[in-house]
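**Student:** Prediction below, plus the sequence it came from.
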Amino acid sequence: MNTKVIYCFFVSLVFANAIWGQKYSQTGILPSINFNMKLKNDWSLNAKIESRVIFYQKKGLDVNTDYNYELSDFLLMGAKKVGLNSRLSTGYLMRFEEINFVQRFLQQVVIIQKLSGLRLAHRLLCDQTFSETATPEFRFRYRITGELPLNGTSVDPGEFYLKINNEYINSLQAGTYDLEIRAIPLLGYDILNQYKIETGLDYRISTFLNQNTQQVYWFTLSVFIEI
Amino acid sequence: MYKSISFTALCFILFTSSLFAQEKLEKESRVKSKNVPSNAVSFIDTLNLNICVTWYRETDINSVKYEAKFIYKRKKYSVEFDSLGNIEDIEIKILHTDLDSNLALSINTQLSKNCTKHKIIKVQKQLSGMASDLSYSLKTGKLNDGMIIKYEIVAKCKQNKKVNLFEYLFNSKGLIEKTSKIIFKKSSHLEY
């Protein structure tokens, strides 16, 4: 059963990756590592490092298949548990691009729902992005995440799970509104309860409201570590 | 310069993180019936309930248990067996409102003593006793004399301005026999 699910998961990734043919598309690798540290009185700290490497770009008929390092993100968030299943967080992100430095401030609230054989996480996030080369960008995001154990009713050490993210990002920059939608099916593995590893496809579509659709495909590899 | 250092550091951490220390935890895994002790399977089979059974194996540091979960007559059942396949108890999910009014009052009084504020999330009726009595109860829905009835209640409880989830075991008189704090699974991978 599990082998079939895992096989179908990877086949769907291949098909999803093969159906592009848009005005602009980009494919790359998105490795990340995430540390979470529990502090006293329901406080916690979260640090994330993420990089992007592009290996395929298509703009009109032009195709570029060179490997290009794009950026690295360093994110630090402080969080406080405010209810049985909810947490408020705020944080600061530093983004190092080729010739640019970007700063982002984030505020989020997350509510976790435990259902029978499934966990759902609802995340509302506001962020404000500032850089020297672009006008400030303000975003309001909603993400729903489902965690589905592939063995048993909850994810235990040594077990695989499916994680599916769906996010809607409303963006306002220089008076222009845009909507970005993300769909991220991931296959995860719980190594020792404190360590999880996830891989899959991160699909993003944006600027389709302006008839200039951009689609981005990231192959992700993420590690989550509880300290 | 910084970009190559950060990318290399990230790759290094990714591939070395699995070498850290280990931790043991309780684990519930789905198992096929062929991997369950035969007397546990035959106990369920001989009931002839015409149901679809899902088997689970529960392991912690000290013990291994098997659990058969199924729905029968629109009620959720969970039948627990020890590592040898001997039946231990039957749990039936019921509504809070199904509790006898005196019992519900006693349970609420007990919870009020423990918590400044509480909310019952889930109620399970727990039956234990002789295997033959449990078998009879499963088939008929009736109870024999000598069977022990307890109630497993999951409740949200506010104590000292903190809200936690607890699992309480009440006896048939509505007195608390056991309290366990429910620890939530880590969720940072769902939040960030």
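**Tutor:** Thanks, I have the structure now.

**Student:** which stretches of chain B form strands?
**Tutor:** Using DSSP state E, the strands found in chain B span residues B:27-31, B:54-59, B:64-72, B:75-81, B:87-94, B:117-128, B:148-159, B:162-170, B:176-181.

**Student:** So for stretch B:106-116, what gets flagged as buried?
**Tutor:** Buried positions in stretch B:106-116, judged by neighbour count with 16 or more other Cβ atoms under 10 Å in any protein chain shown: B:S106, B:I107, B:N108, B:Q110, B:L111, B:C115. Heads up, the C-betas are built off the backbone N, CA and C, glycines and all.

**Student:** now the fourth one: how far from chain A?
**Tutor:** Noted for B:Q110: a distance of 20 Å to chain A, by Cβ to the nearest Cβ, to the nearest Å.

**Student:** go on, the last one?
**Tutor:** In this view, B:C115 and chain A are 13 Å apart by Cβ to the nearest Cβ.

**Student:** picking up where we left off before, mind checking which of the strands of chain B is nearest B:K139?
**Tutor:** Each of the strands of chain B was scored for nearness to B:K139 using Cβ to Cβ, and the closest is strand B:64-72 (9.6 Å).

**Student:** I'd say B:L165 and B:K181 touch.
**Tutor:** Yes. Counting by Cβ atoms under 8 Å, B:L165 does reach B:K181; the two are 7.4 Å apart.

**Student:** the more surrounded of the two?
**Tutor:** Ranked by neighbour count (other Cβ atoms under 10 Å in any protein chain shown), B:L165 and B:K181 place B:L165 first, with 19 against 9.

**Student:** contacting residues for B:S112?
**Tutor:** B:H118 (Cβ atoms under 8 Å, 6 or more residues apart in numbering or on different chains).

**Student:** got a pLDDT number for the nearest residue to B:G141 once chain neighbours are set aside?
**Tutor:** Of all residues not flanking B:G141 in the chain, B:K73 sits nearest, at 7.3 Å (Cβ to Cβ, 6 or more residues apart in numbering or on different chains). B:K73 is assigned a pLDDT of 88 by the prediction.

**Student:** which phi and psi does B:K73 have?
**Tutor:** The phi/psi pair for B:K73 (degrees, to the nearest 10) reads phi 50, psi 50.

**Student:** What of B:I182?
**Tutor:** Note on B:I182: backbone dihedrals following degrees, to the nearest 10 are phi -90, psi 120.

**Student:** burial measure for the spatially closest residue to A:L45 that is not a sequence neighbour, as a count.
**Tutor:** Distances taken as Cβ to Cβ, 6+ apart place A:M37 nearest to A:L45, at 4.6 Å, with adjacent residues excluded. Look at A:M37: counted by other Cβ under 10 Å, it has 13 neighbours.

**Student:** Assess the claim that A:M37 and A:I227 are in contact.
**Tutor:** Yes. With contact defined as Cβ under 8 Å, A:M37 and A:I227 form a contacting pair (4.4 Å).

**Student:** Just the CA coordinates for stretch B:81-91, please, in CSV.
**Tutor:** Taking C-alpha atoms only, stretch B:81-91 is exported to CSV below (Å, rounded to 0.1, in the frame of the first residue of the first chain):
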residue,chain,number,x,y,z
PHE,B,81,-5.4,-7.0,23.1
ASP,B,82,-2.1,-7.7,24.9
SER,B,83,1.1,-8.9,23.1
LEU,B,84,-0.2,-12.5,23.2
GLY,B,85,-3.6,-11.7,21.7
ASN,B,86,-5.6,-11.9,25.0
ILE,B,87,-8.4,-9.4,25.1
GLU,B,88,-7.9,-6.5,27.6
ASP,B,89,-10.8,-4.2,27.0
ILE,B,90,-13.4,-2.7,24.6
GLU,B,91,-13.8,1.0,24.1
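
**Student:** And it, what's buried?
**Tutor:** So, applying 16+ other Cβ under 10 Å, buried residues of stretch B:81-91: B:F81, B:I87, B:D89, B:I90, B:E91.

**Student:** Stretch B:116-131 too?
**Tutor:** For stretch B:116-131, a neighbour-count test (16+ other Cβ under 10 Å) marks B:H118, B:I120, B:I121, B:V123, B:Q124, B:K125, B:Q126, B:L127, B:S128, B:G129 as buried.

**Student:** Can you add distance to B:L143 and pLDDT and give the residues you listed back as a markdown table?
**Tutor:** Formatted as a markdown table, those follow (distance: Cβ to Cβ, whole Å; pLDDT from 0 to 100):
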| residue | distance to B:L143 | pLDDT |
| --- | --- | --- |
| B:H118 | 28 | 94 |
| B:I120 | 23 | 94 |
| B:I121 | 25 | 92 |
| B:V123 | 17 | 96 |
| B:Q124 | 15 | 95 |
| B:K125 | 10 | 95 |
| B:Q126 | 12 | 95 |
| B:L127 | 7 | 95 |
| B:S128 | 11 | 94 |
| B:G129 | 9 | 92 |
